[in-house]
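>>> sequence plus the predicted model coming up.
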There are 2 protein chains.
Amino acid sequence: MARIVMKFGGTSVGDTNRIKNVARRVKAEAEAGNEVAVVVSAMSGTTNQLVAWTNEIARLHDAREYDVVVASGEQVTVGLLALALQDLGINARSWLGWQIPFRTDGIHGKARIGEIDTTIMRQRLAEGQIAVVAGFQGIGPDNRITTLGRGGSDTSAVALAAALDADRCDIYTDVDGVYTTDPRITAKARKIDRITYEEMLELASQGAKVLQTRSVAMAMQHGVRVQVLSSFEDKPGTLVVDEGEIVEQQVVTGIAYSPDEAKVTLVGVPDRPGVAGTIFGSLADSAVNVDMIVQNVSQDGKSTDLTFTVGATDLDRAHQVLDGLKGEIGYSDIVSDPGVCKISVVGVGMRSQPGVAKTMFQTLAEKGINIQVISTSEIKVSVLISSDYTELAVRALHTAYGLDADGDG
Amino acid sequence: MARIVMKFGGTSVGDTNRIKNVARRVKAEAEAGNEVAVVVSAMSGTTNQLVAWTNEIARLHDAREYDVVVASGEQVTVGLLALALQDLGINARSWLGWQIPFRTDGIHGKARIGEIDTTIMRQRLAEGQIAVVAGFQGIGPDNRITTLGRGGSDTSAVALAAALDADRCDIYTDVDGVYTTDPRITAKARKIDRITYEEMLELASQGAKVLQTRSVAMAMQHGVRVQVLSSFEDKPGTLVVDEGEIVEQQVVTGIAYSPDEAKVTLVGVPDRPGVAGTIFGSLADSAVNVDMIVQNVSQDGKSTDLTFTVGATDLDRAHQVLDGLKGEIGYSDIVSDPGVCKISVVGVGMRSQPGVAKTMFQTLAEKGINIQVISTSEIKVSVLISSDYTELAVRALHTAYGLDADGDG
């Protein structure tokens, strides 16, 4: 007997028929003798509608009231899924964030998870009752509803799995696992059977949208075995596990791309201490996330060029911040380019295998693709290229690292 | 300075523009120096959609999960209205049933209100904060969401007004007050300026849909001054008050009709003690509400006919119950007629003015309308007639009791 947390996203519970389908899957796990807690998102489209209403009402939100509105979506789904399970003869009850309670800090709209009291839920699970838990929501220190930020239900599920000491956290979604790259770009993409937390974390943060980055970080921290699998097909997915559980190590496990990037170059920045601190400090204060940074070597010892990337949606704000700094810093020009894409190759195997970056640069050069910025971590190499070459680059790299599926793929 | 509870129904908060309109009305009351708590329903259509989903999922509901689903509608409205008020520069916060807490018993789906803890809300009101309260919902002894039954937000508002010792409870709706009869039946219907609790209670329970019967009973019990007025027009409505506050008493205040009735006659019922108790006890056990009852005088001392009315939607169930009793009781036949309508004339003045019933019977006789069943209370006379004559009867009685508006009315 195992204790399992199952998580179903918005598409999987998109209408009442799909909710009934989810109930059948949950029933199968329960009848296999497992203790089961199910975490669900809002029905697809619901959260967007709720957010749209808050925007129609007011442009600036009190995040506490925003949370009250958007958390209602998951409330509907837990009630409906509990009813669907009962209709199949399964003992089930819904749990809202405040009922568990699923405690968070008071940062409404993007709360961080604190203590989850599972005392009563564990008793109920032991009695054979299925717990149907509202994802995305918790309760803050002020006794008001908090939400975890968009896509937060993945994180709810992993946190609940950690709190329950669950044997596995199964994330059901509309794809059947994690792929070596986006199957929409190359039909040769292969489903990965097992991937390490570190790799999944890099892939998620580099643009692979199958799991929320925060949920992977939390799974890694608490050692929660996560499985990504399809809610529509009945076959094994991708298991996210400790490095030790992976027998045959690939050098490169997957290739991610992030098209929503913009490049900013500050031309003629005075080459004196403290300038970079002023610039990136001001951007951070305005909640502009800066990713890759390159500073050219100063030719004359007096000024230099500073290039970095920001999220495409943050570009206007970055411009405002930098315009405001012009007097203080004294650069000569700002040049920005929203037409860029970040391509990342990820694999824990590259720790022990040199030459991964070299293969990347050679492959792109052979295709005539110019690399604008490079950044690396222990298990990742990322490059910034013109977004015109995104598909070409991903396909070429997928082949170069030996990731292509055999045969008709 | 007064303390006022304002209540807005589903139509009044049907979209974001209407919610902004409600916010402007609330702001006006607050800026007049009043402490204001606002109770809101779900956006019109929302509750029906939620109920439809629960029916799609399962025909038999766990009422606890049903409550989780349907209570989400009011959660959306309170968040949006709080945001709309804040956008007008007004200090406001939303309150869900479990946050107040608004305690009820554990009868999910039609819970009865218990204690409402207004300690914190009173502090906030005194500080100038508007309380935006979710109607229709509370929290049961099991720490789970309860709902009060359809239309329960009126009752929430009156209960909150009582708990807050509010000076007035203003029920905003899509009509501008209580009328002498349904204006769709006669253009001569007049808006009533002041009506007693007793009259309002009779009118509500006899088919006038402007206020929920329970809310009127609660207002009467706690002496809450209720005003019914339009959320779309800016003019005084109808005040529901103690009899002592009404200066000029009409004999008849209003005429209600209830078309959703069905008449059942049990023919040849043995005339022995306990039979009526068996019949009506069994109907009550099956949750069939019996209204008017007439037992004919036994001609032969052996058997009699028993006629009564039930809600039209309960007719099938009544037949089932009576079929099951046939062996035990031994009546000869059941005859039922869904084509009947109950017409009621209501007025506290009839306590001191005899002849009200006589006027009713004469007026109907003059129009050739046959009276099938009669029932009376201290301030009401009801008759059952063929539903073909509903409009004719209402118009004739409205004129006969001098209720017609002057001129072009």
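Yep, it's here.
>>> mean confidence for stretch A:205-220?
Mean pLDDT, stretch A:205-220: 86.
>>> gap between residue A:361 and chain B?
Distance from residue A:361 to chain B, counting by C-beta to the nearest C-beta, to the nearest Å: 51 Å. From N, CA and C alone the C-beta is placed, and that goes for glycine too.
>>> same check on residue A:299?
Counting by C-beta to the nearest C-beta, the gap from residue A:299 to chain B is 53 Å.
>>> residue A:194 now?
For residue A:194, the distance to chain B - C-beta to the nearest C-beta - is 36 Å.
>>> my guess is that residue meets residue A:236, correct?
No. The pair residue A:194 / residue A:236 is not scored as a contact, 10.4 Å apart, by C-beta atoms under 8 Å.
>>> residue contacts, the residue in the stretch 101-250 of chain A that chain B sits nearest to?
The stretch 101-250 of chain A approaches chain B most closely through residue A:143 (6.3 Å), counting by C-beta to the nearest C-beta. By C-beta atoms under 8 Å, 6 or more residues apart in numbering or on different chains, the contact set of residue A:143 is A:98, B:99.
>>> wait, a strand at it?
No. Assessed with DSSP: H, G, I helix; E, B strand; the rest coil, residue A:143 is coil; it does not lie in a strand.
>>> between residue A:194 and residue A:236, point out the one with more neighbours.
Legend: neighbour count by other C-beta atoms under 10 Å in any protein chain shown for residue A:194 and residue A:236, higher for residue A:194 (17 against 12).
>>> what sits opposite the more buried one in the beta ladder?
Note on residue A:194: beta-bridge partners by DSSP bridges are residue A:239.
>>> can you give me the distance of it to residue A:203?
13 Å (C-beta to C-beta, to the nearest Å).
>>> how about residue A:57?
From residue A:57 across to residue A:203, the span is 37 Å (C-beta to C-beta).
>>> show me which of these two is the more surrounded one.
It is residue A:203, of residue A:57 and residue A:203, that has more neighbours when counted by other C-beta under 10 Å, with 29 against 25.
>>> pretty sure that one is touching residue A:254, no?
Yes. Using C-beta under 8 Å, residue A:203 makes contact with residue A:254 at a distance of 5.1 Å.
>>> quick check: buried residues in whichever strand in chain A runs longest?
Longest strand of chain A, by residue count under DSSP state E: strand A:254-270. Neighbour counts over strand A:254-270 (16 or more other C-beta atoms under 10 Å in any protein chain shown) mark A:254-258, A:261-266, A:269 as buried.
>>> that strand packs against which elements?
For strand A:254-270, the packing partners by 3 or more C-beta pairs under 8 Å, 6 or more residues apart in numbering or on different chains; DSSP states H and E come out as helix A:197-205, helix A:275-285, strand A:303-311, helix A:315-329, strand A:333-346, helix A:390-400.
>>> tell me the angle the longest one makes with strand A:303-311.
Taking axes from the mean of the first three to the mean of the last three C-alpha atoms, to 10 degrees, one finds that helix A:315-329 is oriented at 160 degrees with respect to strand A:303-311.
>>> and helix A:315-329, how far out from the chain middle?
In terms of C-alpha atoms, centre = their mean, to the nearest Å, the centre of helix A:315-329 is found 29 Å from the chain centre.
>>> check which helices and strands it sits against.
Contacts defined by 3+ C-beta pairs under 8 Å, 6+ apart place helix A:315-329 against strand A:254-270, helix A:275-285, strand A:333-346.
>>> try 6 Å
The elements that helix A:315-329 packs onto, with contact taken as 3 or more C-beta pairs under 6 Å, 6 or more residues apart in numbering or on different chains; DSSP states H and E, are helix A:275-285.
>>> then the third one?
Of the remaining helices and strands, those touching strand A:303-311 by 3+ C-beta pairs under 6 Å, 6+ apart are strand A:254-270, strand A:290-295.
>>> and if we set it to 8 Å?
Partner elements for strand A:303-311 (3+ C-beta pairs under 8 Å, 6+ apart): strand A:254-270, helix A:275-285, strand A:290-295.
>>> tell me the SS of residue A:23?
What three-state DSSP gives for residue A:23 is helix.
>>> okay, now it: neighbour count?
Neighbour tally, residue A:23, other C-beta under 10 Å: 26.
>>> over to residue A:311?
Neighbours of residue A:311 using other C-beta under 10 Å come to 16.
>>> so it is in contact with residue A:287, correct?
No. Counting by C-beta under 8 Å, residue A:311 does not reach residue A:287; the two are 10.5 Å apart.
>>> flag every residue of the stretch 51-200 of chain A that's near chain B.
Contact residues, the stretch 51-200 of chain A versus chain B (C-beta under 8 Å from any C-beta of the partner chain): A:53-54, A:56-58, A:60-62, A:64-69, A:71-73, A:75-76, A:78-80, A:82-84, A:86-87, A:93-94, A:96, A:98-99, A:143-145.
>>> now, of the residues you listed, which are buried?
A:53-54, A:56-58, A:61-62, A:64-69, A:71-73, A:75-76, A:78-80, A:82-84, A:86-87, A:93-94, A:96, A:98-99, A:144-145.
>>> of these, which belong to strands?
A:93-94, A:145.
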